[in-house]
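Chemist: My questions are about this predicted structure, shown below with the sequence.
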Amino acid sequence: MDWEFFVQQIVNGVTLGSVYALIALGYTLVYGILKLLNFAHGDVFMIGAFIGYGVLILFGGSVSPNIPIPLLIVLMFLAAMIGCSILGMTIERFAYRPLRNAPRIAPLISALGVSFFLQNSALLLFSPNFRSYDSFSLYEGRLFLPLSAGPLHISPIRILVITSALGLMIVLTLFVGRTQLGRAMRATSHDREAATMMGINVDRVIVVTFLISAALAGAAGVMSGLVFQRVFHTMGFFAGLKGFAAAVVGGIGSIPGAMVGGLVIGLAESFSIAYVSSTFADLIVFAILIVVMLVRPTGLLGKADIKKV
Amino acid sequence: MSKIEPEQPRIGVDEWVATEDVLRERRRGVLGHLRYAFDRVPDGARFGVFILLVALIPLLTSDEYILRVAVDTLIFALLALGLNVVVGWAGLLDLGYVAFFGIGAYGYALLSSDHFGIHLEAQFSVPIIVAGTALVGFLLGLTSWRLLGDYLAIVTLFFLQAFVVVTTNGNSISFLGLTPTTDFTGGPNGIPGLDPFTIFGLQIDTIQGYFYLGLATMALVVVMLYLAVRSRTGRAWHALREDSLAAEVMSMPVNRLKLLAFMFGAGIAGLTGSIQAALVGGVFPGSYDVPLLITIYAMLILGGSGSLAGAVLGAITINVSLEVLRDPNHARWLFYSVILITLVAKLRPWWKLAAVLGSLVGFGYAVNSIIGALWPSATENEGAGGDAIARGVQSWVIHPAQHATEIGNYGFVALIALVLLLTVMKDPWQTVALVPTLYLAAFVWENLLMATIEAQAATRFILLGALLVVLMAVRPNGLVGQTRVEVA
């Protein structure tokens, strides 16, 4: 067995996994609070990638950027996160809030509509052509030159993606665990009605949740653009599906679960592409999802939900 | 009798009496009487008349295109009816519905073509296909057995994706690398050259034939569903859609009922798939994907989820509208008349309507002349099409000669923002803001949405997506669906 190749797949899987984990966090946060599968989440991710691309082009593209590259990357992340937060809050305000007390299936259908709307608007605005971040041209390709430590080869761009994803997750964990608003979020996800009675402004909590989840998706979009280069209008659909699978595998509603699930799905995908077949990689992810749901429907780290009447 | 306010419960009046008063109030006037008379016609008679009227279409026209649209509409109606069982009655979100349609079509392709050299007649192949798709539905439903609900949505969406992957790459399958590779699905090229639909030796090979086949199937399915929903099982479906926990407490086998509904939907989709495959004469992997799914959902939701008439009506409305949108000239008629009808229906009193329309026309000419004076190139370009309304619109909406698409892009984003803002504004401002919004909508429509063939395709789907969101927020019961009774 080719050992270096194997380690390489782990690196690929972890990179992919951190992107999926960020998307999965968005699903999990919203599901935890609203019990809503936000199908539009993947498309927010796609819009984030396009915003990052727009900023890149605005500052001269990656071949000859007219501002320092680290600043450019930070700006791309910031713009995508802010843009996506606004988008996320808008979606919540106009597509989901009117349906707060509707039957369960109503917001799901609305979410489906939003997703389709965003995807085809992107098709209309940005044309069906692939765009490339061409991040390979940054620092003359040195970002993709692997740094070696024993059998481990890892390129700086992957380190950047993995560490920034990790950083975002730490910030999120601290936010949810340590701040007043985070506590309000946990209370709302536990029991929305009781939280309202305790004087928590549930509407505001929900808006904040959508803001955070969309910002994470935006960051994930830029990361995916930086590592995998290609940006296109349907990228959100597949990434969203896998992010969702990650959230379910980890245990939907659980924040550490989303991170673990992201890693599991990312590793599964990169290993199946490397060792089995790249066309059927999606099917293998699907099979993992099915197996997890059959064996442990609450996910790896989820808690069983007790229904009270 | 004074005007009755249905919202306010009157003290001392029984709820039933109160609603009876409202019902009686509704029967007044010419329209009220007509509606009352219509309501008294038995369902069967209404449906019979509808089928008879539809059956006249091939006698009235022999236009191949119109008949083709009519057959497509029937197929869509069948699909919407099947989806209605899953979504409308059992309240399950099935996002893999199109995959069952595809399985039906591929099933027909494998059983009645030269691909494997099997040529079964429809009376044998269709029952096999329906049973097969229902079985696949059963197995898929089993995986989310314990969590039939949200998880079903995502599992079925994955399933649809898996179906697309398998059909696109299924041209060299070998079991565990042991057997020689077999071509199951024809890969990305699909399977062309299917047998025409043949039942008991009767071969259907004209478009009229398929029309009557589709109509007969639809009539059969509607009757079956009509009986099913009034059966014990149908009532149980309603119960678990409203509150599955309460249904379970009433000792209904909730999961089994959900699975049954799911299989029902899958079976109908499979049946429709076999007809569609025979009609098209081939199966191609790209035809069974998410856009089709959204289209069927839009039909069901527009018509009224949970209503048989609604599913059929929704299919007719959406499919005919989508066809109309294919031609820029017809699309323009549709666009402006929908806007006009909405304004007439929603704006009260009449002087407000007159003010909005008047200032809209004035606003347009003012903008056009100001922009035209500043940048003469902005108004020179001719839009697509050239009938009367097109010429009228062209002197009213600006058509930048250069960068029309780029300007249109910004206009599109601004339009979305304006429309969203409009929904949260309070009244005097709302009416004022309506004028520039409508003008911007016309501008974007002329310069971006209908500019190219690709843009027109994207526009159709954007409109479907927006329709779903708007309907869910404004009128979740659709055109003819029943209003849900909320019991607190």
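Modeler: Looks like it came in fine.
Chemist: Would you mind giving me the confidence score for the nearest residue to residue A:69 once chain neighbours are set aside?
Modeler: Nearest non-adjacent residue to residue A:69, counting by CB to CB, 6 or more residues apart in numbering or on different chains: residue A:138, 5.4 Å away. (C-beta placed from N, C-alpha, C; glycine too.) pLDDT for residue A:138: 76.
Chemist: What's the separation between the residue lying closest to residue B:190 once chain neighbours are set aside and chain A?
Modeler: The shortest distance from residue B:190 to any non-neighbouring residue, by CB to CB, 6+ apart, is to residue B:284 (3.5 Å). Distance of residue B:284 to chain A, given as CB to the nearest CB, to the nearest Å: 18 Å.
Chemist: cool, and residue B:74?
Modeler: 24 Å.
Chemist: who's in contact with that residue?
Modeler: Residue B:74 is in contact with B:211, B:214-215, B:217-218, counting by CB atoms under 8 Å, 6 or more residues apart in numbering or on different chains.
Chemist: Could you point out the helix or strand that follows the helix or strand residue B:223 falls within?
Modeler: In the assignment (DSSP states H and E), residue B:223 maps to helix B:207-230. Remark: after helix B:207-230, the chain's next helix or strand is helix B:232-242, criterion DSSP H and E.
Chemist: how long is stretch A:136-150 end to end?
Modeler: 24 Å (CA to CA, to the nearest Å).
Chemist: which residues are contacting it?
Modeler: Outside stretch A:136-150, the residues touching it (CB under 8 Å, 6+ apart) are A:62-63, A:65, A:69, A:135, A:153-157, A:159-160, A:229.
Chemist: before we move on, back to that, hmm, the residue nearest to residue B:190 is touching residue B:187, no?
Modeler: No. At 10.3 Å, residue B:284 does not count as touching residue B:187 under the criterion of CB atoms under 8 Å.
Chemist: Name the residue in these two with the higher neighbour count.
Modeler: residue B:284 (20 against 15; other CB atoms under 10 Å in any protein chain shown).
Chemist: and the more buried one, what pLDDT?
Modeler: At residue B:284, pLDDT is 87.
Chemist: quick one: which helix or strand includes the closest residue to chain A within chain B?
Modeler: Closest contact between chain B and chain A, by CB to the nearest CB, is at residue B:468 (2.9 Å). Element membership for residue B:468, per DSSP H and E: helix B:453-474.
Chemist: Packing partners of that helix?
Modeler: Contact partners of helix B:453-474 among helices and strands, from 3 or more CB pairs under 8 Å, 6 or more residues apart in numbering or on different chains; DSSP states H and E: helix A:105-126, helix B:290-303.
Chemist: Export those helices to TSV and append columns for mean neighbour count, mean pLDDT and distance to residue A:211.
Modeler: Below are the helices and strands packed on helix B:453-474 laid out as TSV (neighbours: other CB atoms under 10 Å in any protein chain shown; pLDDT from 0 to 100; distance: least, CB to CB, whole Å):
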stretch	mean neighbour count	mean pLDDT	distance to residue A:211
helix A:105-126	24	90	16
helix B:290-303	25	90	27
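Chemist: export those to JSON lines and tack on distance to residue A:210?
Modeler: As requested, these are exported to JSON lines (distance: least, CB to CB, whole Å):
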{"stretch": "helix A:105-126", "distance to residue A:210": "12"}
{"stretch": "helix B:290-303", "distance to residue A:210": "23"}
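Chemist: so which of the ones you listed gets nearest residue A:41?
Modeler: helix A:105-126 (8.2 Å; CB to CB).
Chemist: average pLDDT for the helix or strand that the closest one is followed by?
Modeler: Sequence order places strand A:131-132 as the next helix or strand after helix A:105-126, per DSSP H and E. For strand A:131-132, mean pLDDT rounds to 87.
Chemist: same for strand A:131-132, what does it pack against?
Modeler: Against strand A:131-132 (3+ CB pairs under 8 Å, 6+ apart) you get strand A:230-231.
Chemist: from the chain's centre, how far out does the strand it packs on sit?
Modeler: 16 Å (CA atoms, centre = their mean, to the nearest Å).
Chemist: ok, residues contacting it?
Modeler: Taking CB under 8 Å, 6+ apart as the rule, strand A:230-231 contacts A:46, A:49-50, A:53, A:130-133, A:225.
Chemist: Just give the nearest non-adjacent residue to the residue in the stretch 51-200 of chain A that chain B sits nearest to, would you?
Modeler: Residue nearest to chain B within the stretch 51-200 of chain A: residue A:113 (2.9 Å; CB to the nearest CB). Take residue A:113 and drop its neighbours on the chain: the residue closest to it by CB to CB, 6+ apart is residue B:468, 2.9 Å away.
Chemist: Tell me, how many residues neighbour residue B:417?
Modeler: Neighbour tally, residue B:417, other CB under 10 Å: 13.
Chemist: among the contacts of strand A:230-231, which two are most distant?
Modeler: Checked with CB to CB, those reach their widest spread between A:46 and A:132, with 15.0 Å between them.
Chemist: So for those two, which residue has more residues nearby?
Modeler: Per other CB under 10 Å, whichever of residue A:46 and residue A:132 has more neighbours is residue A:46, with 30 against 16.
Chemist: In which helix or strand does that one reside?
Modeler: Under the assignment here (DSSP H and E), residue A:46 is part of helix A:41-58.
Chemist: just the helices in chain A please.
Modeler: A:3-34, A:41-58, A:69-91, A:105-126, A:156-178, A:180-190, A:192-197, A:202-228, A:235-250, A:255-271, A:281-295 (DSSP state H).
Chemist: Of these, which stretch is the most buried?
Modeler: Comparing the helices of chain A by mean neighbour count (mean count of other CB atoms under 10 Å in any protein chain shown), helix A:235-250 ranks first with a mean of 28.
Chemist: picking that back up, and the residue nearest to residue A:69, how many neighbours?
Modeler: With other CB under 10 Å as criterion, residue A:138 counts 22.
Chemist: on that earlier part again, between the helix holding residue B:468 and helix A:69-91, how many degrees?
Modeler: 50 degrees (axes from the mean of the first three to the mean of the last three CA atoms, to 10 degrees).
Chemist: Buried residues, helix B:453-474. List them.
Modeler: B:455-473 (16 or more other CB atoms under 10 Å in any protein chain shown).
Chemist: Domain-wise, how is chain A divided?
Modeler: For chain A, automatic domain parsing gives the domain ranges A:26-233, A:234-299.
Chemist: now the shortest one, how far from the centre of its chain.
Modeler: For domain A:234-299, the distance from its own C-alpha centre to the chain's C-alpha centre is 13 Å (CA atoms, centre = their mean).
Chemist: With the first one instead?
Modeler: Between the centre of domain A:26-233 and the centre of its host chain there is 6 Å, according to CA atoms, centre = their mean.
Chemist: interface residues of the stretch 51-200 of chain B facing chain A?
Modeler: Selection of the stretch 51-200 of chain B residues close to chain A by CB under 8 Å from any CB of the partner chain yields B:87, B:91, B:93, B:95, B:143-144, B:146-147, B:149-151, B:153-155, B:157-159, B:161-162, B:165-166, B:169.
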